[in-house]
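Engineer: Quick one: sequence and predicted model below, then my questions.
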Number of protein chains: 2
Amino acid sequence: MQPDEFRRHAHEMVDWIADYLEHADRYPVCSRSKPGDLLATLPASAPEDGEPMAAIWADFERDVMPGITHWNHPRFFAYFPANNSGPSILGEMLSAGLGVNGMLWQTSPAATELEQRMMSWLGQLVGLPDGFHGVIHDTASTATFCALVCARERATGFAANREGLGTATGGRALRVYASREAHSSVLKGARLAGFGAEHVVPVGIDAERRLDPADLERLIAADLAAGHLPCAVVATVGTTGCTAIDPLAAIGPIARRHGLWLHVDAALAGTAAILPEMRWILDGIGHADSLVFNPHKWMLVNFDCSAFYVRDPDHLQQAMAIHPEYLRTTRDAEVVNYMDWGVQLGRRFRALKLWFVLRNYGARELRAIIGSHLEAARAFAGWIDEAPGWERLAPVPLNTVCFRWLPAGVTGTDALNGRNLDLMARVNQDGVIYLTHTKLDDVVTLRLAVGQRATTLEHVRQAWEALQDTARAIA
Amino acid sequence: MQPDEFRRHAHEMVDWIADYLEHADRYPVCSRSKPGDLLATLPASAPEDGEPMAAIWADFERDVMPGITHWNHPRFFAYFPANNSGPSILGEMLSAGLGVNGMLWQTSPAATELEQRMMSWLGQLVGLPDGFHGVIHDTASTATFCALVCARERATGFAANREGLGTATGGRALRVYASREAHSSVLKGARLAGFGAEHVVPVGIDAERRLDPADLERLIAADLAAGHLPCAVVATVGTTGCTAIDPLAAIGPIARRHGLWLHVDAALAGTAAILPEMRWILDGIGHADSLVFNPHKWMLVNFDCSAFYVRDPDHLQQAMAIHPEYLRTTRDAEVVNYMDWGVQLGRRFRALKLWFVLRNYGARELRAIIGSHLEAARAFAGWIDEAPGWERLAPVPLNTVCFRWLPAGVTGTDALNGRNLDLMARVNQDGVIYLTHTKLDDVVTLRLAVGQRATTLEHVRQAWEALQDTARAIA
């Protein structure tokens, strides 16, 4: 592709993206594709000769677009959001154009230093105390895995890295504690790091589904008595199911007393702490050894951008770093080489989009947007509370409302579960909104998570109408 | 940022990127920043009020650009390349605009199905036999880590995932074999997965620095006699130091005989196999359980895009997958959910850029570009061979030439090492080229890796002149 061709196609692409972002609400939120729809249109092999972008683009619009689920849609209420914004997309464009790999300071000093400063800005915005050092990871799954490896190495004095887990603990099991509402990435990270699923200990929860510190204490005592080695506790600030907020201030001293690594998973909720009135969700964060939260979820930054903080970056680096000759530079003693702070060697220049977003919006506007999402979620919760035939299933400390439909005459968990799954399937199929479910205990629970940049109270009202209309149609 | 503002700024950004790509050779290749240069210009905290993009952009050009090392530069000869291209940047732009998270089929069916087909196209292009199934990972480090986890779980019948490595092997060490020229990600992956660095067994190499199968066989026998559990062998096709190509056809039967997982790291070199005359580098790949190569290194695709192939996707998924209720959909039995194929849950829509590149260039043009890089590297090797005062230090099967300067009157490894590090520092500081070093045994070895999209024989000739001029200036 010649430079003038690139220029022309990129301008066309910009107009398409700008139109798309302005009118993402024209599409059904969740794709209506059936399995194999796109595969059936794609040739079995790559073309031998190059094709013009116009032909590729026509195929994109005809064959790919119907298979897109619109995470940008203002009525996307599924999972947790992965939102973005104009300045963030500009940052991604620039990062792609520069094509920088920021594995070492030398391979682009600006990529490293901008990341250092952005991690500091972010830490201040959410109220982290001094002494945390940050790095951008791709996802909270990776960050939580790294935290568990750090915990493993602290508990074994780096013997696990040296000689392997088979002998590092003298046959004693390393135990990881997390509430049973914790994200699946805790179990996954513990498996990957060699702890074993059986040694991820589910801690009891209170009525609001927060980790119960007294139960944690009991479980640790029982494990010690059984000859196990308590190693790490993962506290969740904003669980995936219902955004329960584990009490860090109570968990922290227990972790410290028993020498456990305290990792805090605030993947979604961390962003809310930029609001002074929400700062309490991180009360006790000073006890943590590590923390992850995802600006790519709720801070208008494109996926991927996960902020991972540790108190002891030397420990993290000792757990992660390997320095073959071909990666040594004369600057290594003076600078940060972020390749030593995580799993991957190569690293995209992700600090750019964060810089663009934080500067172009400014803290005040970001607070206003997050605040409006919280308000919209509270409004929706209020409508559920007032409506006969609907039930709210969890408190709403953040942006996510857990609820279910109680159709007249239907009783019993199984029957209600079935009707709510039907309702969800129908309303998603209609295309006006997209929301997903979880189970709280055995109860199928619909979740409405407000977090897209463009989502307003009006969109949430439309969601409520769509749910009521669909429920009426089914009943 | 309003839609019309985004549109305007994005058009400006496109013109900047197009100019940059056309004239990347105006810049010194390696940044001349000193540690802290950019940090000194950045405010300590995020702004409270939003700032116009024009102000941010002025800061970018003044403060950030001098800190960029230009991976796009046609005289970037350092490490291995991370190249890109017009169609790939278009793909990144579109991916950023769509903001899709392809963790599940349902969260964007097109993202999953395009990835499935692109992995099939790529596999055919490099001549993989039937029966390999691919997924896009971010980096080869992650892919190799996943391969080692797969190996661990096969060797333990999933007991490691279940009960942890402390007891899964009854105290026997799981052993991983790789040549001592293998990439640091093998050692890192083995540490992360709990094998322990001591159980990564360095296999001897032949005169061309290829893994010696006879030594592998001996080491396995010795380990069995010592009561260890041979678990995996990582063969490298194109080592980082000097692109040595381990003999898969000889390693494969040994791996099979002893039940070892054979993972092939072809991170750079895999791309070369799109050339019929280079297909031999993957001879014996049919023995492999997994393979990784990086289209983001040498196939004109933006970082990150690492192609990870396995023969048994069920095994990979059993090793990786966890299915909490909130990630279940009604389609799970019919479709691929790529979140089950790796470490991360969230996934960018990376297949787009691969689709754009493979279609817009076509296989023929990609072969021509890779072929021209190979030719330029061979030419450079020829100049080194003919020039008095220079020495080639390894064969050149691919795009990378290993060499050193032999200044008149200087003898002894240490003295020569020092002079070559000086030469490298000086020539990089001059800014005309950027190249990096390794050590082959104790010998400081300069590496010239040809792989940028725009690099021609003329650029390589300029590199040779710059090296000779700088050597003369030092002498």
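Structural biologist: Perfect, thanks for sending it.
Engineer: And for the residue of the stretch 201-350 of chain A found nearest chain B, nearest residue in space, chain neighbours not counted?
Structural biologist: Distance from chain B to each residue of the stretch 201-350 of chain A (Cβ to the nearest Cβ) is smallest for residue A:326, at 3.9 Å. Backbone N, C-alpha and C define where each C-beta goes, glycine included. The shortest distance from residue A:326 to any non-neighbouring residue, by Cβ to Cβ, 6 or more residues apart in numbering or on different chains, is to residue B:438 (3.9 Å).
Engineer: mind checking how far the one you found is from residue B:394?
Structural biologist: According to Cβ to Cβ, to the nearest Å, residue B:438 stands 10 Å off from residue B:394.
Engineer: Mutual contacts of those two, please.
Structural biologist: Counting by Cβ atoms under 8 Å, 6 or more residues apart in numbering or on different chains, the contacts common to residue B:438 and residue B:394 are B:241-242, B:402, B:445.
Engineer: what number of residues lie near residue A:447?
Structural biologist: 25 (other Cβ atoms under 10 Å in any protein chain shown).
Engineer: And for residue A:191?
Structural biologist: Using other Cβ under 10 Å, residue A:191 has 25 other residues around it.
Engineer: quick one: it and residue B:161 touch, right?
Structural biologist: Yes: at 4.6 Å, residue A:191 counts as touching residue B:161 under the criterion of Cβ atoms under 8 Å.
Engineer: okay, and the common contacts of these two?
Structural biologist: Both residue A:191 and residue B:161 are in contact with residue A:197, where contact means Cβ under 8 Å, 6+ apart.
Engineer: what does the helix or strand where residue A:463 lies contact?
Structural biologist: Using DSSP states H and E, residue A:463 sits in helix A:457-474. With Cβ under 8 Å, 6+ apart as the test, helix A:457-474 has contacts from A:74-75, A:77, A:372, A:375-377, A:379-380, A:383, A:387, A:389, A:405, A:407, A:419, A:422-423, A:426-427, A:430, A:432-433, A:435, A:448, A:450.
Engineer: What helix or strand is the spatially closest residue to residue A:396 that is not a sequence neighbour located in?
Structural biologist: Closest residue to residue A:396 apart from its sequence neighbours, by Cβ to Cβ, 6+ apart: residue A:381 at 4.5 Å. According to DSSP H and E, residue A:381 maps onto helix A:351-386.
Engineer: so what strands line up beside the helix or strand that that helix is followed by?
Structural biologist: Once the chain leaves helix A:351-386, the next helix or strand it forms, by DSSP H and E, is strand A:390-392. Strand A:390-392 has the following sheet partners, assigned by DSSP bridges: strand A:400-405 (antiparallel).
Engineer: got the CA coordinates for whichever helix or strand comes after the strand it pairs with in PDB?
Structural biologist: Note on strand A:400-405: by DSSP H and E, the next helix or strand toward the C-terminus is helix A:413-430. Only the C-alpha atoms of helix A:413-430 are listed here, as PDB (Å, rounded to 0.1, in the frame of the first residue of the first chain):
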ATOM      1  CA  THR A 413     -36.500 -21.100  41.800                       C
ATOM      2  CA  ASP A 414     -36.300 -23.300  38.700                       C
ATOM      3  CA  ALA A 415     -39.400 -21.900  37.100                       C
ATOM      4  CA  LEU A 416     -38.400 -18.400  37.800                       C
ATOM      5  CA  ASN A 417     -34.900 -19.100  36.600                       C
ATOM      6  CA  GLY A 418     -36.300 -20.400  33.300                       C
ATOM      7  CA  ARG A 419     -38.600 -17.400  32.800                       C
ATOM      8  CA  ASN A 420     -35.800 -15.000  33.500                       C
ATOM      9  CA  LEU A 421     -33.400 -16.700  31.000                       C
ATOM     10  CA  ASP A 422     -36.300 -16.500  28.500                       C
ATOM     11  CA  LEU A 423     -36.800 -12.900  29.200                       C
ATOM     12  CA  MET A 424     -33.100 -12.200  28.700                       C
ATOM     13  CA  ALA A 425     -32.900 -14.100  25.500                       C
ATOM     14  CA  ARG A 426     -36.000 -12.400  24.100                       C
ATOM     15  CA  VAL A 427     -35.000  -8.900  25.000                       C
ATOM     16  CA  ASN A 428     -31.500  -9.400  23.700                       C
ATOM     17  CA  GLN A 429     -32.800 -10.800  20.500                       C
ATOM     18  CA  ASP A 430     -35.000  -7.700  20.000                       C
END
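Engineer: Buried residues of helix A:413-430, list them for me.
Structural biologist: A:416-417, A:419-420, A:423-424, A:426-428, A:430 (16 or more other Cβ atoms under 10 Å in any protein chain shown).
Engineer: Repeat that for stretch A:188-198.
Structural biologist: Buried-residue list, stretch A:188-198, by 16+ other Cβ under 10 Å: A:188-197.
Engineer: If we only consider these, which is nearest to residue A:154?
Structural biologist: Relative to residue A:154, the closest of those is residue A:193; by Cβ to Cβ it sits at 12.6 Å.
Engineer: circling back to that earlier point, and the gap between the residue nearest to residue A:396 and chain B?
Structural biologist: For residue A:381, the distance to chain B equals 19 Å [Cβ to the nearest Cβ, to the nearest Å].
Engineer: check contacts around that residue.
Structural biologist: A:392, A:396, A:401, A:403.
Engineer: Quick one: which of those residues is the most crowded by neighbours?
Structural biologist: residue A:401 (32 neighbours).
Engineer: Which strand residues bridge it?
Structural biologist: Judged by DSSP bridges, the bridge partners of residue A:401 are residue A:448.
Engineer: Might you report the residue contacts of it?
Structural biologist: A:377, A:380-381, A:384, A:392, A:447-448 are the contacts of residue A:401 under Cβ under 8 Å, 6+ apart.
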